[in-house]
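Asker: Predicted structure and sequence below. I'll ask about it afterward.
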Amino acid sequence: MEGLEHILRQHPFFADFAPEHGALVAGCARNHRFDPGDYLFREGDPADEFFLIRHGKVALEIVAPGQAPIVFATLGPGEIVGEAWLVPPYRWTIDARATELVRAIGIDAACLRGKCEADHHLGYEMMKRFLPVFIRRLHATQLQILDVYGKKR
């Protein structure tokens, strides 16, 4: 466990995180490896884990019936994949697919939600860290929509 706690402290998402909170999060963590083409999660599945990317790239995709998946973001080392674990009904609304070898730390969502409920300081810290992720992803999506719909035909 000490190894995962050390790795978590090195990830930008947990920069300046209180050591006692880092230990709590590490208790919910495990290593993952995804080969190119593997899905970290699929739309509609339970959002039971989120991922800290250590190595590789992950495409965030939406799928329209009868069409190829649309990649709306590509994430790399130092980034977080998966926010739906925070909001009921805790289901993925997108797909996340490895585009190359990905090494990541997965954080068990139920485990972490329970610890956040028991320690509201931890919960507040997590929300303060996830809110900017939400805002960045929303802004990136807005820019893509402007790019798609702003083109003259």
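Answerer: In hand now; what should we look at? Residues are numbered from 1 along each chain as shown.

Asker: pull the longest helix from this structure.
Answerer: helix 120-150 (DSSP state H).

Asker: So what's the gap between the helix or strand where residue 97 lies and the chain middle?
Answerer: Under the criterion of DSSP states H and E, residue 97 resides in strand 95-98. Here the centre of strand 95-98 is set off from its chain's centre by 11 Å, with C-alpha atoms, centre = their mean, to the nearest Å.

Asker: list the buried ones in the longest helix of the chain?
Answerer: 122, 123, 125, 126, 129, 130, 133, 137 (16 or more other C-beta atoms under 10 Å). Placement of C-beta: from N, CA and C, glycine included.

Asker: quick one: that helix to chain centroid distance?
Answerer: 11 Å.

Asker: Who are the packing partners of that helix?
Answerer: On a contact count with 3 or more C-beta pairs under 8 Å, 6 or more residues apart in numbering; DSSP states H and E, helix 120-150 meets helix 19-26, strand 70-75, helix 109-118.

Asker: okay, the angle between it and strand 70-75?
Answerer: Angle of helix 120-150 versus strand 70-75, following axes from the mean of the first three to the mean of the last three C-alpha atoms, to 10 degrees, is 130 degrees.

Asker: and helix 120-150, average pLDDT?
Answerer: Summarised as a single mean, pLDDT over helix 120-150 is 82.

Asker: ok so, going back, residue 41 is nearest to which of the helices and strands packed on helix 120-150?
Answerer: Residue 41 sits nearest to helix 109-118 of all the helices and strands packed on helix 120-150, at 10.8 Å, using C-beta to C-beta.

Asker: Sweet, I'm off.
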